[in-house]
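>>> starting from these lines, generate the structure:
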Amino acid sequence: MSEARQSASRATLLVVFSACCFGSISILITLAIGSGARLIDALVWRYAIAAVLLVILSGIGATRAAGRRALPLLVLAGGGQAAIAFVSLSALKYIPAASLTFLFYTYPAWLAVIGAVRGTEQLTGPRTLALGLSLAGLALMVGMPGAGGLHPIGVALALSAALLYAIYIPMIGHLGKDLPPSVTSSYAAAGAAITLIAASLFQGGPRFELSSLAWLSIGVLAVVCTVIAFIAFLRGLAAIGPVRTAIVSTVEPFWTALLGSVVLGQQLGPRTLTGGMLIAAAVIVIQVGHRNAVTLSAD
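Got it, this is the predicted structure:
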């Protein structure tokens, strides 16, 4: 196997791993809230703890190396995460969670279209096929939004969150270019923590007195689903680009369904399994398409 193929394969595995970490967030949040924590508490402590760990991991000197990009990373990368979470969760006031999930996971399609319009990414045959397979798999797992009955405000919020995320992925890739992933992640986590702490002040501020299970869930959220996941995601993103990263990341809801079945006892039906196989097929298609392109360019 050539070095380029090995690098792409490693990057793809990193993105799959990060997607599984991110897909665990809703389960851990559910456990934390079920143990008495508020959503804002779990999010504030998740990002605050992660920011401290990432700064320690990166080193003060490396963190300062961001220079003029420090403020944009803090505001755009960190604030962007908080904004996407707020907009997407606000849609739940108007539409069911299944509809929100499907509408939000249109972001790979948004990302591919934006890249094609800007001329930064080609909408090749394999990518188009992979997008179709991943969206079909998601539709099977969570259900297509109904033709009628969905509140237009909820639909607008869900699609806005998807569009924001489609913009966010290449933006953070650009802002973090030539910086160690741990440094980029440090600013993203710190910015999100500051934004969420400010938001929590309207609810009386973050709480310190939480149950042991809540703190354990938050600890896993901070270490695994933020520190480790961010670094893996950014390394993969830098190697395979935003469109392939977005498509591979659609394994996330399938992992969430699997974990929910094991941890929370939620039923894993044939629709979820079939949808997961379609998403896995999308990952294979996009990977094989890239390998063929590398082979042709080398010949």
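
>>> going forward, measure contacts and count neighbours with C-alpha atoms only.
Fine.

>>> surely residue 211 meets residue 36?
Yes - with contact defined as Cα atoms under 8 Å, residue 211 reaches residue 36; the gap is 7.1 Å.

>>> so where do the helices sit in the stretch 1-150 of the chain?
For the stretch 1-150 of the chain, the helices defined by DSSP state H, counting those that start in this stretch cover 3-23, 25-34, 39-58, 60-64, 70-72, 79-90, 97-104, 107-118, 125-142.

>>> which other helices and strands contact the last one?
I take that to be helix 125-142. Here helix 125-142 touches helix 97-104, helix 229-248, helix 270-298, going by 3 or more Cα pairs under 8 Å, 6 or more residues apart in numbering; DSSP states H and E.

>>> weakest of these by average pLDDT?
Sorting those by mean pLDDT places helix 270-298 lowest, at a mean of 64.

>>> same question for stretch 110-127: list its buried residues.
Buried residues in stretch 110-127, counting neighbours by 16 or more other Cα atoms under 10 Å, are found at 110-115, 121, 123, 126-127.

>>> about what we covered before: so which of the helices of the stretch 1-150 of the chain gets nearest residue 236?
Residue 236 lies closest, by Cα to Cα, to one member of the helices of the stretch 1-150 of the chain: helix 3-23, at 4.2 Å.

>>> against which helices or strands is that closest one packed?
Where contact means 3+ Cα pairs under 8 Å, 6+ apart, helix 3-23 is packed against helix 229-248, helix 252-263, helix 270-298.

>>> what's the first one packed up against?
I take that to be helix 229-248. With contacts defined as 3+ Cα pairs under 8 Å, 6+ apart, helix 229-248 has these neighbours: helix 3-23, helix 107-118, helix 125-142, helix 152-175, helix 181-200, helix 270-298.

>>> what angle separates the shortest one from helix 229-248?
Translated: helix 107-118. Between helix 107-118 and helix 229-248, the angle comes out at 80 degrees (axes from the mean of the first three to the mean of the last three Cα atoms, to 10 degrees).

>>> name the nearest residue to residue 238, ignoring sequence neighbours.
The shortest distance from residue 238 to any non-neighbouring residue, by Cα to Cα, 6 or more residues apart in numbering, is to residue 173 (6.7 Å).

>>> the one you found and residue 234 touch, don't they?
Yes - look at residue 173 against residue 234 with Cα under 8 Å: they come within range, at 7.2 Å.

>>> neighbour count for those two, which is higher?
Counted by other Cα atoms under 10 Å, residue 173 and residue 234 do not tie: residue 234 has more neighbours, with 26 against 20.

>>> could you find the closest non-adjacent residue to that one?
Distances taken as Cα to Cα, 6+ apart put residue 181 closest to residue 234, at 5.7 Å, once the chain neighbours are dropped.

>>> for residue 246, same thing?
Spatial nearest neighbour of residue 246, excluding adjacent residues (Cα to Cα, 6+ apart): residue 108 at 5.1 Å.

>>> who's in contact with that neighbour?
131, 166, 243, 246-247 (Cα atoms under 8 Å, 6 or more residues apart in numbering).

>>> any idea which of the residues you listed is the one closest to residue 84?
If you rank the contacts of residue 108 by distance to residue 84 using Cα to Cα, residue 166 comes first, at 10.4 Å.

>>> leaving out the residues flanking it, which one is nearest to that closest one?
The shortest distance from residue 166 to any non-neighbouring residue, by Cα to Cα, 6+ apart, is to residue 111 (4.8 Å).
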